[in-house]
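Student: Pasted the sequence and its predicted model underneath.
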Amino acid sequence: MENAWVGARGAGGAWVWADAGTRVDAAPAQLDVGAGEWPPMRASNRDRPSGCLQLDLHAPAPPAFLKTRCDRRMDFVCYDGKGRREDVALPSDDNYYYRLVREPLTWQQAADNCAKFNGTLAVVDDNEILIELLLIMGENKESPISHIWLNGVQNLTKDVHGDPISYWQNPTNGKLIPDSKTHEHGLFVPPWLEDDYVTPAEGGCLNLDRQDHLVGLVYGLPCDTPQYSICMIEKAVKVTTKKQIEENKDAQLITSPIMDPIIPTIPTY
């Protein structure tokens, strides 16, 4: 065998794994590779991702991914999917399904990935959702998960005196994320790390830190930190499966008239 199909194709300006909808250039956690070593792509194939990927095994060059037309016929490589839970019902409550993504992604990558399933990154709008997220993190079969991304970004502005101030916001619906200093009476306040939970220089995207079984803290991290995530999908919205993403020939975002996620630009400092 000198070449074979692998399960990835060009979509939205990137190479994407068909089963998970995640980017190929995000190195799997179990691979010990240095910067620039993953993915094993021929230099001429890195620009303008389109078509499908094959694994090229021609000697004497080392194995590498090559792009080619998706309608070609060739051998293919399968795997048994050990450890995958695609056929297991997603955890849910009265309003949402929860999809755990076991791949370290930056905040923007994680947000884009959730949008492929017609969902958003998890939001902590009440204590019931917080408990659900902590249970999913703690009951992960591989090992308990310590950190996940939340759907929140830090914005900077100035007060009436011109002094810089920051606030946290849900970028999908524009709602402010309350803290112990600014919340209105009766609103649920997430368990922030401390009163001065973050300074503008310390981070720009919101993270949930599982401290213990049902104890969590939220605070900011640099948005390019790779970590796991949980997508929340409204039950009123049709859930997009990995198979549907794979079969979508144009690999465009599958949307519902009820919900069209907006992925913001990450603030820079």
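Tutor: Done, it's in. Numbers count the residues shown, from 1 in each chain.

Student: Strands of the stretch 101-250 of the chain, start to end?
Tutor: All strands of the stretch 101-250 of the chain, identified by DSSP state E, counting those that start in this stretch, fall at 120-121, 147-158, 164-169, 205-212, 215-221, 227-234.

Student: So for the third one, mean pLDDT?
Tutor: It stands for strand 164-169. Mean pLDDT, strand 164-169: 83.

Student: got the CA coordinates for that strand in CSV?
Tutor: The C-alpha trace of strand 164-169 is given here as CSV (Å, rounded to 0.1, in the frame of the first residue of the first chain):
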residue,chain,number,x,y,z
PRO,A,164,-9.2,51.3,32.2
ILE,A,165,-11.8,48.9,33.4
SER,A,166,-12.7,45.4,32.3
TYR,A,167,-15.8,43.3,32.3
TRP,A,168,-16.8,39.8,31.2
GLN,A,169,-19.4,39.1,28.5
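
Student: what sits up against stretch 55-64?
Tutor: M1, E2, N3, A4, W5, V6, P40, M41, R42, F65, L66, V77 (CB atoms under 8 Å, 6 or more residues apart in numbering). Bear in mind the C-beta positions are built from the backbone N, C-alpha and C, glycine included.

Student: Could you say whether the fifth one sits in a helix, a strand or coil?
Tutor: When classified by DSSP: H, G, I helix; E, B strand; the rest coil, W5 comes out as strand.

Student: which residue packs closest to it, ignoring adjacent ones?
Tutor: Nearest residue to W5 in three dimensions, chain neighbours excluded: F76, at 3.9 Å (CB to CB, 6 or more residues apart in numbering).

Student: how near is that neighbour to N95?
Tutor: Using CB to CB, to the nearest Å, one gets 40 Å for the distance from F76 to N95.

Student: And for K116?
Tutor: Using CB to CB, K116 is found at 20 Å from N95.

Student: out of those two, which sits in the busier spot?
Tutor: Comparing K116 with N95 by other CB atoms under 10 Å, the one with more neighbours is K116, at 24 against 13.

Student: Tell me how far the more buried one lies from R99.
Tutor: Using CB to CB, K116 is found at 10 Å from R99.

Student: do the same with N170
Tutor: As for N170, its distance to R99 is 18 Å (criterion: CB to CB).

Student: which ones are touching I136?
Tutor: P91, Y98, L100, I145, I230.

Student: Is it possible to get a markdown table of these that adds distance to W192?
Tutor: As requested, the contacts of I136 are exported to a markdown table (distance: CB to CB, whole Å):
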| residue | distance to W192 |
| --- | --- |
| P91 | 25 |
| Y98 | 22 |
| L100 | 24 |
| I145 | 20 |
| I230 | 19 |
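
Student: can the strands of the stretch 101-250 of the chain go into TSV with extra columns for distance to A110 and mean neighbour count?
Tutor: Formatted as TSV, the strands of the stretch 101-250 of the chain follow (distance: least, CB to CB, whole Å; neighbours: other CB atoms under 10 Å):
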stretch	distance to A110	mean neighbour count
strand 120-121	6	26
strand 147-158	5	20
strand 164-169	17	16
strand 205-212	9	20
strand 215-221	12	18
strand 227-234	4	22
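
Student: Now these in TSV, please, with extra columns for distance to K175.
Tutor: Formatted as TSV, these follow (distance: least, CB to CB, whole Å):
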stretch	distance to K175
strand 120-121	12
strand 147-158	10
strand 164-169	7
strand 205-212	13
strand 215-221	15
strand 227-234	14
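
Student: That's all I had, so thanks and see you.
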